[in-house]
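> coords please:
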Amino acid sequence: QVQLVESGGGLVQPGGSLRLSCAASGSILSIYHMGWYRQAPGKQRELVAHITHGGSTNYADSVKGRFTISRDNAKNTVYLQMNSLKPEDTAVYYCNAVMALNIVPRGPYNYWGQGTQVTVSS
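The predicted structure follows:
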């Protein structure tokens, strides 16, 4: 019923930038919260950044000042602009969205993307 499709990951040198995108599609009535999480090898999945429908944001301390989350409600899409990347940012990045659907019950429902690899290395 709902898909979250991520794009924009890849290999980048330390100090470089990447922009991740995540587009939601399906029988969506409204998306409440959207966020980005990451999971490095051998570590637990952690919150990177989160944004509400109204645009309020919060970030992990480790990415504050370097990453920016934004969303386009008309396109059901969330973005993560990552600047000044460090090797410790290497991880699989997952998109998350909490939403109401055009079904009964309407929700809320929680969905995850398939993940996109970000590797920061020289």
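
> CA atoms for contacts and neighbours, from now on please.
Will do.

> Assign the residue most central in space within the chain to one of the three secondary structure states.
In the chain, the centroid-proximal residue (C-alpha atoms, centre = their mean) is residue 36; its distance is 2.8 Å. Secondary structure, DSSP: H, G, I helix; E, B strand; the rest coil: residue 36 is strand.

> helix, strand or coil for the nearest residue to it once chain neighbours are set aside?
In space, and not counting its chain neighbours, residue 36 is closest to residue 95: 4.7 Å by C-alpha to C-alpha, 6 or more residues apart in numbering. State at residue 95, reduced to three classes by three-state DSSP: strand.

> For this protein, which segments count as strands?
In the chain, the strands defined using DSSP state E lie at 2-7, 10-12, 18-26, 28-39, 46-52, 57-59, 67-72, 77-82, 91-101, 109-112, 116-120.

> Turn these into a markdown table, including mean pLDDT.
Shown next, in a markdown table, are the strands of the chain (pLDDT from 0 to 100):
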| stretch | mean pLDDT |
| --- | --- |
| strand 2-7 | 95 |
| strand 10-12 | 98 |
| strand 18-26 | 97 |
| strand 28-39 | 96 |
| strand 46-52 | 97 |
| strand 57-59 | 98 |
| strand 67-72 | 97 |
| strand 77-82 | 98 |
| strand 91-101 | 97 |
| strand 109-112 | 96 |
| strand 116-120 | 98 |
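
> what's the distance between the residue of the chain most remote from its centre and residue 17?
Centroid-distance maximum for the chain: residue 104 at 26.8 Å, with C-alpha atoms, centre = their mean. Remark: distance between residue 104 and residue 17 (C-alpha to C-alpha, to the nearest Å) = 42 Å.

> if I pick the residue lying closest to residue 66 once chain neighbours are set aside, what's in contact with it?
Leaving aside its sequence neighbours, residue 66 sits nearest to residue 83 (C-alpha to C-alpha, 6+ apart; 5.1 Å). Applying C-alpha atoms under 8 Å, 6 or more residues apart in numbering to residue 83 gives the contacts 15-18, 66-67.
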